[in-house]
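> kindly generate the corresponding structure for this input.
(4 chains)
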2 protein chains.
Amino acid sequence: MSADISLILVDDHPVVRNGLRGMFESVPGFTVLGEAADGVAAVQLADELDPDVILMDLRMPGGNGLDAITELTKRGSRSRVLVLTTWDTDTDTLPAIEAGATGYLLKDAPRDELFTAVREAAAGRTVLSPAVASRLVTAVREPAPSPLAAREREVLALVAKGTSNRDIARELFISEATVKTHLSHVFTKLGVNDRAAAVAKGYEQGILGRD
Amino acid sequence: MSADISLILVDDHPVVRNGLRGMFESVPGFTVLGEAADGVAAVQLADELDPDVILMDLRMPGGNGLDAITELTKRGSRSRVLVLTTWDTDTDTLPAIEAGATGYLLKDAPRDELFTAVREAAAGRTVLSPAVASRLVTAVREPAPSPLAAREREVLALVAKGTSNRDIARELFISEATVKTHLSHVFTKLGVNDRAAAVAKGYEQGILGRD
DNA sequence: CCCGGCATCAGCCAATCGGCTGATGCCGGG
DNA sequence: CCCGGCATCAGCCGATTGGCTGATGCCGGG
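As a prediction, this is how the structure comes out:
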């Protein structure tokens, strides 16, 4: 009855793009308009091709997926963004949805689920894979553990490197007292009592890990 | 001149398997004999189909890739294993090579590099993507930081949870002195001086993170 | 059979940490 | 205009940590 659902694929891995393309071309009802390897290219492509659905990976070198979604939302693009990620780290989900993603799927979803998701997304309905959905509800249950302030993140990063309070103070050109204050706040916000656990939480929540 | 290179694809993501299959079927010289979604299935499939090359992801739920490689090597399989991973975390590389993998590629390698790699692998030559190769050399430069002993890992895990030495002692039914000894060894092996940095290293090297 | 790695334990001591109380200045939203 | 969050600083004190030296028992490989 209706025309094909048009889509563009955004992922930094050629293999994945190829795989998606193959899957969508193997069944009727979809047309792959194009591919992009990063967020910047994705926004541009979306501008040009105006697809119904954009399948996008979040983690990409150069041209963050999140920024791309934000940008598209800001531009009032009519394209629905379906985030397709490898592993979900509940750190990414919420921001992505807030930024305007219509759905969030894990890459290991079965083919049919993927097709369904794209159709749902094209129709404007929110689609979340079960795993993601459950994470979301638990995330909402907890009032959001609050993210760290810029300075607090800096301190935590140094702590993770084994830097003592005194040396952190030196490195950041502030007093040791201030370092301790920052750290206390970090502890409170992360719900821990010592630097070791804070570092663990930092990794767990994606605050640390990419330097 | 020679027959096609036969291969099987092992990855838990249908999308990735599909993508690889598509790529290898789009050019002459390759025949995809089959696919598997985990290490156990991979070993079985390799037994049945005796492929020239096995393209394998390491991180898979149920049936670890590393174990699969070990098993294949033990069985004296003639198949060359090419590890194809998403992100390389130098934690995986060495064990994989030691276990008998012929090569180690990142999934974001360009198509041609992939094809070349498979041909090289089929010919029995070791292939490493440049990024991996450089990691390897630096890893060899450092005499291998040595992995942690079982008990040491337990202690580190508790440290990451913010447990004090005294409480760790209680939880493991050992004395506090022993805990400190273990921790000292952990510090030495990880090349750090305090628990916070140890936790960071733990995450960085994949010792911590999956509980 | 010896050595090295693992796991266990003791005691000492200085350094570091974490909690607590209390303060100041800036900025942005209500 | 006030309040809350951020960033800065101080001092005190008990608790915890980490380094050091030294020891014992078990096990497995050379």
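> residues in chain A within reach of DNA strand C, list them.
Selection of chain A residues close to DNA strand C by C-beta under 7 Å from any atom of the strand yields A:164-166, A:180-181, A:183-184, A:187, A:193-196. Heads up, the C-betas are built off the backbone N, CA and C, glycines and all.
> so how far is the helix or strand harbouring A:V83 from its chain's centroid?
In the assignment (DSSP states H and E), A:V83 maps to strand A:80-85. Here the centre of strand A:80-85 is set off from its chain's centre by 10 Å, with C-alpha atoms, centre = their mean, to the nearest Å.
> same thing with stretch A:73-81?
In this view, stretch A:73-81 has its centroid 17 Å away from the chain centroid, taken as C-alpha atoms, centre = their mean.
> which of the residues in it are buried?
A:77, A:79-81 (16 or more other C-beta atoms under 10 Å in any protein chain shown).
> next, count neighbours for A:A200.
28 (other C-beta atoms under 10 Å in any protein chain shown).
> quick one: the closest residue to it other than its chain neighbours from B:S184, how far?
Sequence neighbours aside, B:A160 is the residue nearest to A:A200 in space, at 3.8 Å (criterion: C-beta to C-beta, 6 or more residues apart in numbering or on different chains). Taking C-beta to C-beta, to the nearest Å as the measure, B:A160 and B:S184 are separated by 17 Å.
> is DNA strand D within reach of the lengthiest helix in chain A?
What stands out as the longest helix in chain A, according to DSSP state H, is helix A:176-190. Yes. Residues of helix A:176-190 are located near DNA strand D by C-beta under 7 Å from any atom of the strand, namely A:176-178, A:180-182, A:185.
> now that helix - C-alpha only, CSV.
Output of helix A:176-190 as CSV, limited to C-alpha atoms (Å, rounded to 0.1, in the frame of the first residue of the first chain):
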residue,chain,number,x,y,z
GLU,A,176,44.7,20.2,49.1
ALA,A,177,41.7,21.2,51.1
THR,A,178,39.8,22.0,47.9
VAL,A,179,40.8,18.6,46.5
LYS,A,180,39.4,16.9,49.5
THR,A,181,36.2,18.9,49.2
HIS,A,182,35.8,17.9,45.6
LEU,A,183,36.4,14.4,46.4
SER,A,184,33.9,14.4,49.2
HIS,A,185,31.3,15.7,46.7
VAL,A,186,32.3,13.0,44.3
PHE,A,187,31.8,10.3,47.0
THR,A,188,28.4,11.7,47.9
LYS,A,189,27.3,11.9,44.3
LEU,A,190,28.5,8.4,43.4
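> residues making contact with that helix?
A:145-149, A:151-152, A:155-156, A:159, A:165-166, A:168-169, A:172, A:193-195, A:197-198, A:201-202, A:205 (C-beta atoms under 8 Å, 6 or more residues apart in numbering or on different chains).
> can we see that at 10 Å?
Counting contacts by C-beta atoms under 10 Å, 6 or more residues apart in numbering or on different chains, the residues outside helix A:176-190 that touch it are A:145-149, A:151-156, A:158-159, A:163-172, A:174-175, A:192-195, A:197-202, A:204-205, A:207, B:162.
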